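Enquirer: here you go, sequence then predicted model.
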Amino acid sequence: MSTLLSVRNLSMRFGGLTAIDDLSLEVPAGSITGIIGPNGAGKTTLFNCLTGFYKPTFGSLVLAHPTRGDLRLEALPSHRVARDAQVVRTFQNIRLFPKMTVLENLIVAQHNVLQRASKFSVAGLLALPGYRKAERDAVERAATWLERLQLTQYADHAAGALPYGIQRRIEIARALCVDPVLLCLDEPAAGLNPRESAELNALLTYLCGELGIAILLIEHDMSVVMNVSDHICVINYGRKIAEGTPAAVQNDPHVIKAYLGEDEEAGVMEESTS
């Protein structure tokens, strides 16, 4: 399986705090890669580096884009990571526009395409044919993802008035409107009940298995990450401590110690360099 994303010797420091420490990993194309670790391990910082919110202190993030060749994500301005590299993300805390309808939320996600078509408002104000076509395409793309994610019945509802689990699904649908090469999901199962978590498993399997979208997944819900991931990387204190299949990671003693610690007789917790 080919490599889609190569993270090499990535470090992120905030003054005297090292959030990511010489981290290297590969994300295969057409697969689901889980990123797990205790709270404060550096998982969200990794996503922030990938998606342009942070500029790494050191290291490289190389995306093997299927049509644009190798792209150095750390060198791109933040707004171009989604637009040009098609690396998009969701957040731990839902960030929908609550008073907009579900359909409007998905159309807004396509603002880069619509802005170019409007020629920075001129074509939009004059309702020129090129802009009208871009608008129709945006609505059609949004409607397609609503149908695929079984959300069509909510299209005209205010997003903020819907149940939490539905909002989580809408957030994923909104990210998909950018046609991602790599979809980064930051704790998509947070706040979901067991039935909703099972539905999320089915959705992620569908997106990757049927549509071929590579997924990078941060998740604390082990019933999700262990069931859907093809490959898992475990980090602690910003360092990789284990990597492999779900079965291998579950039984890795370094992972068990990172999550549970050693018993009182064993003494101190294992150092992050283990």
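Expert: Alright, I've got the coordinates.
Enquirer: switch to C-alpha atoms for all contacts and neighbour counts from now on
Expert: OK.
Enquirer: can you tell me the centre-most residue of this protein?
Expert: A centroid search over the chain (CA atoms, centre = their mean) returns C184, at 1.2 Å, as the residue closest to the centre.
Enquirer: buried residues of the helix or strand containing it, list them for me.
Expert: Element membership for C184 (DSSP states H and E) is strand 182-186. Neighbour-count burial for strand 182-186 flags L182, L183, C184, L185, D186 (criterion: 16 or more other CA atoms under 10 Å).
Enquirer: which residues of the stretch 101-250 of the chain score low on pLDDT?
Expert: 112-131 (pLDDT under 70).
Enquirer: re the thing from before, the strand holding C184 - contacts with which helices or strands?
Expert: With contacts defined as 3 or more CA pairs under 8 Å, 6 or more residues apart in numbering; DSSP states H and E, strand 182-186 has these neighbours: helix 43-50, strand 87-89, strand 214-218.
Enquirer: dump that strand to PDB, keeping only the CA atoms.
Expert: C-alpha atoms of strand 182-186 as PDB (Å, rounded to 0.1, in the frame of the first residue of the first chain):
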ATOM      1  CA  LEU A 182      -6.900  13.100   3.800                       C
ATOM      2  CA  LEU A 183      -9.800  13.500   6.300                       C
ATOM      3  CA  CYS A 184      -8.500  14.200   9.800                       C
ATOM      4  CA  LEU A 185     -11.100  13.500  12.500                       C
ATOM      5  CA  ASP A 186     -10.500  14.800  16.000                       C
END
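Enquirer: for the remainder of this discussion, apply numbering that starts at 32.
Expert: Understood, numbering begins at 32; the last thing we discussed is strand 213-217.
Enquirer: ok, and what's touching that strand?
Expert: Strand 213-217 is contacted from outside by 75, 78, 117-123, 206-207, 244-250, using CA atoms under 8 Å, 6 or more residues apart in numbering.
Enquirer: quick one: that strand to chain centroid distance?
Expert: Distance of strand 213-217 from its chain centroid, counting by CA atoms, centre = their mean, to the nearest Å, is 1 Å.
Enquirer: the stretch 182-305 of the chain: helices as residue ranges?
Expert: Using DSSP state H, counting those that start in this stretch, the helices found in the stretch 182-305 of the chain span residues 195-207, 225-240, 253-259, 277-281, 284-291.
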